[in-house]
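S.K.: sharing a model that was predicted from the sequence below.
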Amino acid sequence: MYYAVRTQVTRRGKQTRVSAAELRSFEYSEWNIIAGSRRIRVVVVYRIPYSDIHPVSTTIFFDEFAKFLESAVLCTDQLLITGDFNIHVAVTDDDDAVKLQELLESTGLQQHVNVPTHIRGHTLDLIITRRSENMVTSPPRTDCIFSDHMPVHCNLLVNKPRLKKTHISCRKVKSINVDALCNDLSNLDPCKNMLSMELNDTLSSSLDRHAPVNHKTVVKRPTVHTKE
């Protein structure tokens, strides 16, 4: 399943996987994302739907997911849970949708996706945060369909980390007059004992004359992280 979080975290943040596990009813991975002074715990969930080859009921899922949330909500970082839950949350009289909503409310969480995320018009892919954090700043939206599920995008409220500056020294070697440089080198004393020392001195002075050292302050930009 593909997700995109439209935020500066994807360009200027650091992310580290904390853990990953596969339970009977769902699998997940946890990530720490650092953006400026903010730390976000991102949990990506996939609940495998009931089938003949995977006869695990939603009753087992709610039991396992409730135990997982008991520890997840205790983390001191901002919490973002997202993934394919395979529960029709837009169907208000669906028993599983009601149970999930009650579970989220009991743990102080809220679900933000209110648009279809599946090719058949169902809302299966969710974005969940703490009610108290106001992290999602705009309603989640979907994009073009790559498979039977649509990408889900949202904007998050995070701080932009400060860009680091560094000082460098450089020369404009491409602007060197080659003929003038060759003329300088042709004036070397052919004495073998002095050749090595004089060559070094001549090269240094020639470079300083034809391509003087420039000192600059540049901004170090972190590696851009793609959506892959």
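M.R.: Received, thanks.

S.K.: quick check: buried residues in stretch 91-104?
M.R.: By neighbour count, with 16 or more other C-beta atoms under 10 Å as the criterion, the buried positions of stretch 91-104 are 96, 97, 99, 100, 101, 104. Every C-beta, even on glycine, is put in place using the N, C-alpha and C of the backbone.

S.K.: centre of the chain to it, how far?
M.R.: The chain centroid and the centroid of stretch 91-104 are separated by 31 Å under C-alpha atoms, centre = their mean, to the nearest Å.

S.K.: quick one: contacts of that stretch?
M.R.: 58, 62, 65-66, 69, 85, 87-90, 110-111, 122, 128 (C-beta atoms under 8 Å, 6 or more residues apart in numbering).

S.K.: before we move on, back to that, adding pLDDT as columns, could you present the buried residues of stretch 91-104 in a markdown table?
M.R.: Listed next are the buried residues of stretch 91-104 as a markdown table, based on pLDDT from 0 to 100:
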| residue | pLDDT |
| --- | --- |
| 96 | 96 |
| 97 | 96 |
| 99 | 97 |
| 100 | 97 |
| 101 | 96 |
| 104 | 97 |
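
S.K.: tell me which of those fall in helices.
M.R.: Secondary structure assignment (DSSP state H) places 96, 97, 99, 100, 101, 104 from these within helices.

S.K.: in a helix, residue 133, correct?
M.R.: No - using DSSP: H, G, I helix; E, B strand; the rest coil, the assignment for residue 133 is coil, not a helix.

S.K.: that one and residue 79 touch, don't they?
M.R.: Yes - Residue 133 lies in contact with residue 79 (C-beta atoms under 8 Å); the separation is 7.3 Å.

S.K.: with neighbour numbers in mind, choose between the two.
M.R.: residue 79 (22 against 16; other C-beta atoms under 10 Å).

S.K.: mind checking which helix or strand the more buried one is in?
M.R.: Using DSSP states H and E, residue 79 sits in strand 78-84.

S.K.: for that strand, packing partners?
M.R.: Under the contact criterion of 3 or more C-beta pairs under 8 Å, 6 or more residues apart in numbering; DSSP states H and E, strand 78-84 touches strand 3-6, strand 38-47, strand 125-130.

S.K.: quick one: that strand to chain centroid distance?
M.R.: Per C-alpha atoms, centre = their mean, the displacement of strand 78-84 from the mean C-alpha position of its chain is 14 Å.

S.K.: next, the angle strand 38-47 makes with that strand.
M.R.: Angle between the axes of strand 78-84 and strand 38-47 is 20 degrees (criterion: axes from the mean of the first three to the mean of the last three C-alpha atoms, to 10 degrees).

S.K.: pairing partners for strand 78-84, with directions?
M.R.: In the sheet containing strand 78-84, the strands it pairs with under DSSP bridges are strand 38-47 (parallel), strand 125-130 (antiparallel).
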